[in-house]
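> okay, structure incoming, though there's no sequence with it:
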């Protein structure tokens, strides 16, 4: 380690320690998810009032950005497989900071769409999928532990981001709030991604032993071409794409859903803030019982809980205790699904080309994420109520559950319990 540091750039022993990379990069995930992804709904109402744009127009910009994120996922995964994670994640953070500042200055709707097209590209290189690929390169056969521990931090992203942004909006208005957020994301780019993400000269730790190392640089066949020949791949496409649509719609419409039902804003903020700790609680439970839980059992529990949580809201739950139960069920399931996404590729398909194969699964997921907010807003504008939207999301999650069941049955690999951390 010291020898490697002495031959090239100035020594940075922290960059060589997987545990330090994991902790710092996880902090970056918490901040980036919290500020760049989760906060959009908080800016909808003040922008509607000041600029006179409709909700459909505003959510159209968000959906356009999420679509770009999906389209970028495969090339991003391929570049990270080649060791360019530092360049991509740092550049994405810097560009995101610039675009948040531009957003704070906008006065025209086309400019909002330009900003969000760019933010979508930034998300594709700064959020979980590229971070998981980096951790897989750093941790090798212990990638499951790294991904699981990273998601502990990410579970609190909405709990941090939404109250923080709401506080800024209430105290200094929405435009200055975006400027503050831009400064924070710029700090993530320089002090986290640039300093702690490994560069292209740092070799990945092999997942599959010496044979994997020998073929890692020049594979005989494209890992993506091999993966799409595995039937389980397409089952995971259905499972994760359905989740992407439902998750995105819930993320960006939950606050309007509760406001529509005249839930006090203080209760709304408390319920939204509770989801993050429940995601963390789910991951702690998995950590405690990991040696006794297989991937199939984990997925079955997740895809059973999601439709139930959405059906609860569809049936009109609006009291505090009912909403707390919803937040617990939805939060735990959502927290575990993130882990399932990170581990399903090597578990069901294989470890070769993790970044590009994961990117191929992420593309349809993010396309559905892009559709979720816009479809939710469009359905609401037609029906005048969120109840039909919620029943539709519950049905979509049942289809996603069928996709996961198909992937589990068709997988050529034998899912195992998670190794002890």
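That came through, no problem. Values in this document were obtained by computation on a predicted structure and should not be read as measured data.
> where does pLDDT dip in this protein?
1-16, 141, 200-221, 223-224, 289-290, 350-355, 412-421 (pLDDT under 70).
> grab the most central residue of it for me.
residue 128 (5.0 Å; C-alpha atoms, centre = their mean).
> hmm, it is touching residue 26, no?
No: contact criterion C-beta atoms under 8 Å: residue 128 and residue 26 do not qualify, at 10.4 Å. Just so you know, the C-beta spots here come from the backbone N, C-alpha and C atoms, and that holds for glycine as well.
> relative to residue 106, how far out is the residue nearest to the centre of the chain?
28 Å (C-beta to C-beta, to the nearest Å).
> can you check residue 40 too?
For residue 40 relative to residue 106 (C-beta to C-beta), the value is 14 Å.
> with neighbour numbers in mind, choose between those two.
The neighbour count for residue 40 versus residue 106, taken as other C-beta atoms under 10 Å, is higher for residue 40 (20 against 17).
> show me the contacts for the more buried one.
By C-beta atoms under 8 Å, 6 or more residues apart in numbering, the contact set of residue 40 is 62, 252.
> any idea how far it lies from residue 239?
25 Å.
> likewise residue 162?
With distances taken as C-beta to C-beta, residue 162 is found 27 Å from residue 239.
> between those two, which is the more surrounded one?
With neighbours defined as other C-beta under 10 Å, residue 162 and residue 239 compare such that residue 239 has more, 30 against 22.
> that one: which element?
helix 231-260 (DSSP states H and E).
> what packs against that helix?
helix 40-51, helix 55-81, helix 265-289, helix 295-314, helix 320-344, helix 354-383, helix 387-410 (3 or more C-beta pairs under 8 Å, 6 or more residues apart in numbering; DSSP states H and E).
> okay, these in TSV with distance to residue 120 next?
What follows is those, written out as TSV (distance: least, C-beta to C-beta, whole Å):
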stretch	distance to residue 120
helix 40-51	12
helix 55-81	3
helix 265-289	23
helix 295-314	24
helix 320-344	19
helix 354-383	8
helix 387-410	22
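> in space, what's closest to residue 179 - neighbours in sequence excluded?
Spatial nearest neighbour of residue 179, excluding adjacent residues (C-beta to C-beta, 6 or more residues apart in numbering): residue 104 at 5.0 Å.
> need the contact list for the one you found.
For residue 104, counting by C-beta under 8 Å, 6+ apart, the contacting residues are 174, 175, 176, 177, 178, 179, 182.
> CSV please, covering the residues you listed and showing neighbour count and distance to residue 252.
CSV is the format used below for those (neighbours: other C-beta atoms under 10 Å; distance: C-beta to C-beta, whole Å):
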residue, neighbour count, distance to residue 252
174, 20, 16
175, 17, 21
176, 13, 23
177, 24, 18
178, 24, 17
179, 16, 22
182, 20, 21
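> spatially, which two of the residues you listed are the most separated?
Maximum pairwise distance in those, criterion C-beta to C-beta, is 12.9 Å, between 174 and 182.
> dihedrals phi and psi, residue 384?
Backbone torsions for residue 384, taken as degrees, to the nearest 10, come to phi 70, psi 10.
> can you count the residues close to it?
Residue 384: 9 neighbours (other C-beta under 10 Å).
> 46 is where my numbering starts, stick with that
Happy to do that; since the first residue is 46 now, the last one works out to residue 429.
> residue contacts, it?
Contacts of residue 429 (C-beta under 8 Å, 6+ apart): none.
> what do you get for the one 3 residues further on?
Shown here is residue 432, whose contacts under the criterion C-beta under 8 Å, 6+ apart are 359, 361.
> cutoff 6 Å now
residue 359 (C-beta atoms under 6 Å, 6 or more residues apart in numbering).
> tell me which element the nearest residue to residue 388 once chain neighbours are set aside falls in.
The shortest distance from residue 388 to any residue other than its chain neighbours is 5.7 Å, reached at residue 189 (C-beta to C-beta, 6+ apart). Assigned by DSSP H and E, residue 189 belongs to helix 188-199.
> check residue 210 too.
helix 202-217.
> and whichever helix or strand comes after that helix, what does it pack onto?
On the C-terminal side of helix 202-217, the closest following helix or strand by DSSP H and E is helix 219-233. Applying 3 or more C-beta pairs under 6 Å, 6 or more residues apart in numbering; DSSP states H and E, one finds that helix 219-233 contacts helix 130-148, helix 202-217.
> who touches the helix or strand that helix 219-233 is followed by?
Of the helices and strands lying after helix 219-233 in sequence (DSSP H and E), the nearest is helix 240-241. Applying C-beta under 6 Å, 6+ apart, the external contacts of helix 240-241 come out as 66, 69.
> mind listing what's buried in the helix or strand residue 159 falls within?
According to DSSP H and E, residue 159 maps onto helix 154-171. Across helix 154-171, burial judged by 16 or more other C-beta atoms under 10 Å covers 154, 157-171.
> likewise for stretch 202-212?
Of the residues in stretch 202-212, those buried (16+ other C-beta under 10 Å) are 202, 203, 204, 205, 206, 207, 208, 209, 210, 211.
> what's the answer for stretch 431-446, then?
Under 16+ other C-beta under 10 Å, the buried positions of stretch 431-446 are 431, 432, 434, 435, 436, 437, 438, 439, 441, 442, 445, 446.
> where does it sit relative to the chain's centre, distance-wise?
Taking the mean of its C-alpha atoms, stretch 431-446 sits 20 Å from the chain's own mean (C-alpha atoms, centre = their mean, to the nearest Å).
> who's in contact with residue 350?
Contacts of residue 350 by C-beta under 6 Å, 6+ apart are 374, 378.
> equivalent analysis for residue 98, please.
With C-beta under 6 Å, 6+ apart, residue 98 has these contacts: residue 154.
> tell me the secondary structure for it?
Secondary structure, DSSP: H, G, I helix; E, B strand; the rest coil: residue 98 is coil.
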